[in-house]
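> predicted coordinates and the sequence they were generated for:
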Amino acid sequence: MTPDLPTATELGISWIKIPWKKLRKNLFRLQCRLWKAIREGDRKRANSLQKLILKSRSARLLAIRQVTQLNNGKKTAGVDGKASKTKLVSATDGFNFLGWNLKVQKNGKFRSTPSEDNYKAFRHKVKAIVNNSNYGAKIKASKLAPIVRGWRNYHRYCKMNGSKFSLWYIQNRAWKVFNHEIKLNRHQTDALIKKAFPTVPFAENKHINVKGDASPYNGDIVYWSKRKSQLYDDATSKALRKQNHTCGHCGLKFADSELIHLHHVDNNHDNWKPKNLLAVHESCHHYIHMSKR
């Protein structure tokens, strides 16, 4: 007699109850051991540790979650119907990567700008809010601010001057739409535009180099967590400093490649008080909201 298979609900509950914090620690410990073996030149121990990582339950479950949840819809190679994303191109011709267009110019200097697809997707989001007749100018400004701030912050090491990437045309169009409201004068419209399109300083190719021969697996979790936290500004940056660069849900440092999300404790996305904001891992953010369903 074969045992009854678990239902989808039972599988979902068991998936939520998996101790992800413990699995992360286990995998990170193995990765640190592998890094030390490679640095010491112990090839035999490095090979055995690689096999151990491949067979470990922690690595397998975390890999499944990365592909099925965190990378869902991102057209991962071999997943989402995308056979491969790799192709050879000349650096002087330029290529798109992670929303950037990277190119080596004729003078030998490196140039990075937002890719055309990334800019079009961003402009589509902005236009959808600006042209929405259900919102007033004040609501539009509050909805535009996090989108514009996030986009500009993501591209802050790119060439962002010029009318296109400085968003002059989009900003001018938004000003005309806002100014159509009878209750607003031009000074109030200017103030709302400043709120809707917050400035973010940019410096082309001013990336901060890694200190010495530092590695994410050398055990210096504090250094890598603080380094990653520098990628975020404003409310997220303040929350990270307040939490000592640790996740507000699982308590681990932000040392891995996972994105940092800002969670609103009371689920009110209009409440931006510091006490209501919590910096968490992307996966932790998913599980916070999954548990509330």
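Arrived safely, thanks for sending.

> before we move on, which element is the closest residue to residue 22 other than its chain neighbours in?
Nearest in space to residue 22, with sequence neighbours left out and distances taken as CB to CB, 6 or more residues apart in numbering, is residue 58 at 7.9 Å. C-betas here are computed from N, CA, C, even on glycine. Using DSSP states H and E, the element containing residue 58 is helix 57-65.

> next: residue 47.
Residue 47 belongs to helix 43-55, assigned by DSSP H and E.

> right, and the residue nearest to residue 22 touches residue 26 too?
Yes. Residue 58 lies in contact with residue 26 (CB atoms under 8 Å); the separation is 4.2 Å.

> quick one: which of these two has more around it?
Shown here are residue 58 and residue 26; by other CB atoms under 10 Å, residue 58 has more neighbours (19 against 16).

> separation between that one and residue 100?
For residue 58, the distance to residue 100 equals 33 Å [CB to CB, to the nearest Å].

> again, but for residue 183
Going from residue 183 to residue 100 by CB to CB gives 41 Å.

> repeat that for residue 191.
For residue 191 relative to residue 100 (CB to CB), the value is 32 Å.

> okay, now residue 135: neighbour count?
15.

> how about residue 14?
Using other CB under 10 Å, residue 14 is surrounded by 10 other residues.

> so it: helix, strand or coil?
Classification of residue 14 using DSSP: H, G, I helix; E, B strand; the rest coil returns helix.

> what comes up buried for stretch 25-44?
The neighbour-count check on stretch 25-44 (16 or more other CB atoms under 10 Å) flags 26-28, 30-38 as buried.

> so which of those comes closest to residue 283?
The closest of the buried residues of stretch 25-44 to residue 283 turns out to be residue 27 (CB to CB; 13.3 Å).

> just the element for that closest one, please.
Going by DSSP H and E, residue 27 is in helix 20-40.

> now for that helix, which elements pack on it?
When contacts are defined as 3 or more CB pairs under 8 Å, 6 or more residues apart in numbering; DSSP states H and E, helix 20-40 sits against helix 43-55, helix 57-65, helix 282-290.

> coming back round to it: so how far is the helix holding residue 47 from its chain's centroid?
Here helix 43-55 is found 31 Å from its chain centre; the criterion is CA atoms, centre = their mean, to the nearest Å.

> helices or strands next to it in the packing?
The contact analysis (3+ CB pairs under 8 Å, 6+ apart) places helix 43-55 against helix 20-40.

> excluding sequence neighbours, find me the nearest residue to the residue with the shortest distance to the centre of the chain.
In the chain, the residue lying closest to the centroid (CA atoms, centre = their mean) is residue 259, at 4.2 Å. Spatial nearest neighbour of residue 259, chain neighbours left out: residue 282 (4.3 Å); criterion: CB to CB, 6+ apart.

> contact partners for the residue nearest to residue 22?
Counting by CB atoms under 8 Å, 6 or more residues apart in numbering, residue 58 touches 22-24, 26-27, 30.

> doesn't residue 198 belong to a helix?
No. Counting by three-state DSSP, residue 198 is not found in a helix; it is coil.

> okay, now the unreliable bits of the stretch 101-250 of the chain?
Scanning the stretch 101-250 of the chain for pLDDT under 70 picks out 205-208, 212-213, 216-222, 224-226, 228-233.

> at 80 what do you get?
Where the stretch 101-250 of the chain drops to pLDDT under 80, the residues are 108, 162-163, 201-237, 240-241, 244-245.
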